[in-house]
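Undergrad: structure, please.
(chains A and B, ligands or ions: 2)
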Amino acid sequence: MAATRKQTRSRAAPDVMFKVEGLTKVYRTGELDIHALSGVDLTLYEGELAVLLGPSGSGKSTLLNILGGLDTATAGHAWFRGDEITALSERELTQFRRNHVGFVFQFYNLIPSLSARENVALVTEISTNPMAPDEALELVGLDHRLDHFPAQLSGGEQQRVAIARAIAKRPEVLLCDEPTGALDSKTGVRVLETLTSVNEELGTTTAIITHNAAIKDIAHRVFYFSDGRITKTDVNKRRVTPDKVHW
Amino acid sequence: MSVLDKKLLRDVKRLWAQALAIAMVMAAGVATLILGVGAYRSLDETRSAYYERYNFGDIFATVRRAPEGLKQRILEIPGVSAAETRIVKFALLDIEGMAEPATGMAMSIPDYRQANLNRRYLRSGRFPEPDSTGEVTVNENFALAHGFGIGSTFKAVLNGNKRTLSIVGIALSPEFIYAVGPGDLIPDPRRFGIMWMSENALAAIFDLEGAFNSVVVKLLRKTDQAEAIKQLDDILERYGGTGAYGRKDQLSHAFLDAELKGLAAMSRVTPPIFLLVSAFLINMTLSRLIALEREQIGLLKAIGYRRLTIGMHYIKLILIISAVGIVIGSVAGTWLGQGLTILYADFFHFPFLIFRRNPDLYVIAAAISGAAAVAGGVRAVYHALTLPPAVAMSPPAPTQYAHLGIERLASLKIYSHLTMMALRHTLRWPVRSGLTILGISLSGAVLIMALFTLDSIEFMIDTIFFQSDRQDATLNFNDERPIRIMQAVQQLPGVLTAEPYRTVAVRIHNGHLNRKLTITGKPPDTDLSRVLDLELRPVTLPETGLVLSEKVAQILKARRGDLVWVEVLEGRRGLKRVPVTEISQSYLGLSVFMNLDALNKMLEESPLVSGAHISYDDARTDALYKEIKRTPEISGIAIQSASLAKFRETVAKNIYIMTTVYIGLSLIIAFGVVYNSARIQLSERAREFASLRVLGFTRGEVSRVLLTELGLLVALSIPLGWLIGYGFAWAVIRGFENDLYRVPFIIENGTYATASFIVLASAAISAAIVRRRIDRLDMVRALKTRE
Ligand SMILES: Nc1ncnc2c1ncn2[C@@H]1O[C@H](COP(=O)(O)OP(=O)(O)O)[C@@H](O)[C@H]1O
Ligand SMILES: [Mg+2]
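TA: Ligands and ions are numbered 1, 2, ... in the order given. Below you'll find the model as predicted:
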């Protein structure tokens, strides 16, 4: 499988999915300004699985939120397939999120009053070419939990519902903010397996935030964050499958 | 059904208790408007239709004796469309089983034709046969008060002869919706009845063949009433006319009008206040409720839902709650309103009842409540939508709390860190805390508004019956009598004190303003029937001049020291210039007082009196009544304790009924608001409280944080509620004023206390419910998912 992928990638120059230049985000909270991002440059390619690694507070979430159209930048630019995200209006941002992006959040953010299937259906209802909610849940191995409410699911299960919700609309990009942050190692591995298989099978460009260095080995490329900047970029010569990861 | 709609239904289910509480507050506001205004409108319309169908006259006049031929001249007055002449005489009644004497008003009905004006509605039986001297048809209230039916008999002294009268019919008349006896302030159907008798028979009994002593006139629309009255007075003057008057001085109409005005006051002021208060509370509550949905709104936005879609989702929730509130309010309001209307109509003895349908009220009530609710929701949704989804979804960043500057007192152990949490939280959100305080205080304020009328009425009763008119009874003489009759009165069995009085019909003019009134002359320093000044202190009647009650002074725009013209309408008549020497307080009627000597001097007559106020020994009541019945000079007796009872039954009762309904609705509002404040406060801080529990704090300790906050807010709301309640009450009292009675503006401390007690009790119950929720707080769940 991995071999096939590599071939695909090396056959031609892959398309650029995200391009970021000098992205800056300043939070003004009372007396002092917090520079969450201070000039980030970055390029993500189609089909790539990237890991963003860095200590807490280094600006990873901020970057991902801006890429996903959840937040706005103070300065700098970001493009999605040639469209400048940082120049989009509120309405266009909504359209962008709806049509192109899938999110997975650290705290799952499921709607407590909706069952697993309904949480997924919430997204498929407004997508143009979604998979059936049951199918998405099957992909994350939760076909036996369709009618459970979030409160009746374990943390890992909730996170997988969140992933199912994110992939059900067949997004071009999947942005995951510490998807395993609240999970134990074993459950975390299952979640990572789900993410890598989605990346491989659907070709979804995937960005995963973590502050857990062990996870970096599953990525094609790793971006190191520190103090609102990318300090280093690694290309993994040899990726490992998630089941080899432990923490 | 879309998933979003499923979420909607589940949200409604999850929030049902709060949603219902909000809906009930809304329902109370809606219901108040519909029932208050609806009942008033129905009664007002019923009265108009009653007057119309039974041809109630516009002008009324009494003469000593006028020839029947005068009717033609009266009909020729411009604007007069109909006139009815009749004979009206008072008679002392002797009714079996009734110790005190009663008074009857014998009124003629034409013998061989229908009456044109003031027609009667026959409840049962028939009208007396032409020329029959022994048959009467009586008014329903009188029959009911004595348990009379067709065939019952009683005795009446008609022109000195005692006759037995047999009841052949029971009727209602627009002229006597309230039948007020001579000298009475309050209708008392036991002691005063209307007896309709054959005109020919009455003429024969009272030697009034071919003559009349009372006339009713109907005017064409848009006729100048004052001008018609003047012309009528000119015609009647020679025949002993005491001045014609319009409906506003017709006692029954004035009473009914006063009652309806009271209702109108309560429906024009109170329901809008209720509605606006409930609208404000709904707005505030829903706005906070929706604010709790911040994270979910953020998520919906993050996964690509449009703002409009999200907004609509929450607006639907609000509309569902509003619909429930509006439906409950409309149904309850309609039902209560009809019940109230029937109750009042029964009380007024209307022969029929017209229910006004009031689509406008439903629309207004629904629109105001609905709009307030939607506005509250939209504000919150809009606020959540303006946040970038990333911010909306993240747990709110730790709030920046400020030091209170009292932390150093911690060493004194008068409060713990938990108390500090509560205090800081309250102060950190001054707007939110302020709104909650305002909301709770409004619920207290509407309670005060509903409750205070009882205080005012009690104060009024105390002033009238225990400060001002303290006599046991008032005797009316059948004609003016020389003052030496007082010696005879003094000698009646059981009489302890007797004070004379004299009444004179006058019209007082001040500039272009004038009003037909009665001047009451009394000795300067009376002990039983006293005149009170504006501070409610007894007044010594000055040697000259008039003492106007505040209301009369207001009507005539007269002030102390002004010179006014007194047009005497009795005896020798004449126009006198008299100064206003004092202004008095009087809650009942339009009273004008004068020193008895000064009055007699002004009339240029030897000292005469019209009646006496007496106090007597209760043990000798029977002997006294027996003697009075035997005394031809006395035409009636008004017993103060009976009047008080009647007062409570009429004026007070009508206000009580409405007040009770309003109190019920205020209770709902008070509870709904406090409960919601407590619940929302809990939701807003569920995570924080769960964390505290995780850290090892006990349930009691955690509850204390919330309850301290709630207690603080409720405590601060109480004085504010008093202040706002005072304002509301003031607005209500202003609407109560009319010519017959004025309700003083009195709020007893007890009322403030009761209102606060109810708010505190609501808070305690809400606290208990919330406390149970804290006890059941699922720590893990609260930390895991974010509700
Ligand atoms: N809403 C906010 N207001 C103020 N500061 C914020 C906000 N969100 C994030 N920050 C600050 O921005 C910096 C970067 O945050 P974040 O991107 O969440 O870091 P990471 O995800 O790498 O832990 C941190 O210092 C954080 O405190
Ligand atoms: Mg982060």
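Undergrad: can you map out the helices along chain A?
TA: For chain A, applying DSSP state H gives helices covering A:2-11, A:60-67, A:90-100, A:116-124, A:133-139, A:155-167, A:185-202.
Undergrad: any idea how far the fifth one is from the chain center?
TA: The offset between the C-alpha centroid of helix A:133-139 and the centroid of the whole chain comes to 18 Å, using C-alpha atoms, centre = their mean, to the nearest Å.
Undergrad: what residues are up against the nearest residue to A:P14 once chain neighbours are set aside?
TA: Of all residues not flanking A:P14 in the chain, A:Y45 sits nearest, at 4.3 Å (C-beta to C-beta, 6 or more residues apart in numbering or on different chains). Using the backbone N, CA and C atoms, a C-beta is placed for each residue, glycine as well. If you count contacts by C-beta atoms under 8 Å, 6 or more residues apart in numbering or on different chains, A:Y45 has them with A:R9, A:P14, A:D15, A:V16, A:M17, A:T205.
Undergrad: hang on, isn't the third one packed against A:E46?
TA: What it means is A:D15. Yes - using C-beta atoms under 8 Å, A:D15 makes contact with A:E46 at a distance of 4.4 Å.
Undergrad: where does chain B dip in pLDDT?
TA: B:183, B:185, B:394-418, B:420, B:651, B:691, B:694-697, B:739, B:778-787 (pLDDT under 70).
Undergrad: domain parsing for it?
TA: B:1-58+B:245-394, B:88-201, B:398-470+B:641-787, B:495-616 (automatic domain parsing).
Undergrad: looking at these, which is buried most?
TA: Ranked by mean neighbour count under mean count of other C-beta atoms under 10 Å in any protein chain shown, these are led by domain B:1-58+B:245-394, which reaches a mean of 21.
Undergrad: can that one be said to contact ligand 1?
TA: Yes - contact between domain B:1-58+B:245-394 and ligand 1, assessed by C-beta under 6 Å from any ligand atom, occurs at B:V391.
Undergrad: show me how far that domain is from its chain's centre.
TA: Offset of domain B:1-58+B:245-394 from its chain centre (C-alpha atoms, centre = their mean): 22 Å.
Undergrad: helices or strands up against the longest helix seen in chain B?
TA: The longest helix of chain B (DSSP H) is helix B:307-348. Where contact means 3 or more C-beta pairs under 8 Å, 6 or more residues apart in numbering or on different chains; DSSP states H and E, helix B:307-348 is packed against helix B:3-14, helix B:16-53, helix B:251-268, helix B:270-291, helix B:294-302, helix B:359-386, helix B:653-684.
Undergrad: repeat that for 6 Å
TA: In this structure, helix B:307-348 makes packing contacts with helix B:3-14, helix B:16-53, helix B:359-386, judged by 3 or more C-beta pairs under 6 Å, 6 or more residues apart in numbering or on different chains; DSSP states H and E.
Undergrad: in terms of secondary structure, what does the first one contact?
TA: The elements that helix B:3-14 packs onto, with contact taken as 3+ C-beta pairs under 6 Å, 6+ apart, are helix A:116-124, helix B:307-348.
Undergrad: cool, the last one as well?
TA: Counting contacts by 3+ C-beta pairs under 6 Å, 6+ apart, helix B:359-386 packs against helix B:16-53, helix B:270-291, helix B:307-348.
Undergrad: now the angle between helix B:270-291 and it, please.
TA: Orientation note: helix B:359-386 sits at an angle of 20 degrees relative to helix B:270-291 (axes from the mean of the first three to the mean of the last three C-alpha atoms, to 10 degrees).
Undergrad: tell me if the following helix or strand past helix B:359-386 is near chain A.
TA: Under the assignment DSSP states H and E, the closest C-terminal helix or strand after helix B:359-386 is helix B:389-393. Yes - counting by C-beta under 6 Å from any C-beta of the partner chain, chain A has neighbours in helix B:389-393: B:P389, B:A390, B:M393.
Undergrad: these into JSON lines, with extra columns for distance to A:R190?
TA: JSON lines is the format used below for these (distance: C-beta to C-beta, whole Å):
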{"residue": "B:P389", "distance to A:R190": "27"}
{"residue": "B:A390", "distance to A:R190": "26"}
{"residue": "B:M393", "distance to A:R190": "24"}
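Undergrad: counting by contacts, list what the helix or strand containing B:T436 packs against.
TA: Element membership of B:T436 [criterion: DSSP H and E] is helix B:430-461. Under the contact criterion of 3+ C-beta pairs under 6 Å, 6+ apart, helix B:430-461 touches helix B:270-291, helix B:653-684, helix B:699-736, helix B:749-775.
Undergrad: okay, and for chain A, where does confidence drop off?
TA: Applying pLDDT under 70 to chain A flags the ranges A:1-13, A:30.
Undergrad: nearest the geometric middle of it, what residue?
TA: Here the mean C-alpha position of chain A is nearest to the C-alpha of A:L175 (C-alpha atoms, centre = their mean), at a distance of 1.6 Å.
Undergrad: picking up where we left off before, inside strands: which ones of the contacts of A:Y45?
TA: A:V16, A:M17, A:T205 (DSSP state E).
Undergrad: between the residues you listed, which is nearest ligand 1?
TA: Comparing the ones in strands among the contacts of A:Y45 against ligand 1 with C-beta to the nearest ligand atom places A:T205 closest, at 19.7 Å.
Undergrad: ok, the closest one touching A:D15?
TA: No - counting by C-beta atoms under 6 Å, A:T205 does not reach A:D15; the two are 9.5 Å apart.
Undergrad: ok, back up a step: would you mind giving the helices and strands packed on helix B:430-461 as TSV with distance to A:G82 added?
TA: Output for those, formatted as TSV (distance: least, C-beta to C-beta, whole Å):
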stretch	distance to A:G82
helix B:270-291	39
helix B:653-684	44
helix B:699-736	53
helix B:749-775	53
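Undergrad: the ones you listed: which one's closest to chain A?
TA: helix B:653-684 (12.3 Å; C-beta to the nearest C-beta).
Undergrad: could you point out the helix or strand that follows that closest one?
TA: Next element after helix B:653-684 (DSSP H and E): helix B:686-694.
Undergrad: what helices and strands are in contact with that following helix?
TA: helix B:699-736, helix B:779-784.
Undergrad: and of the helices of chain A, who's closest to B:I282?
TA: For the helices of chain A, the distance to B:I282 is smallest for helix A:116-124, at 28.5 Å, taking C-beta to C-beta.
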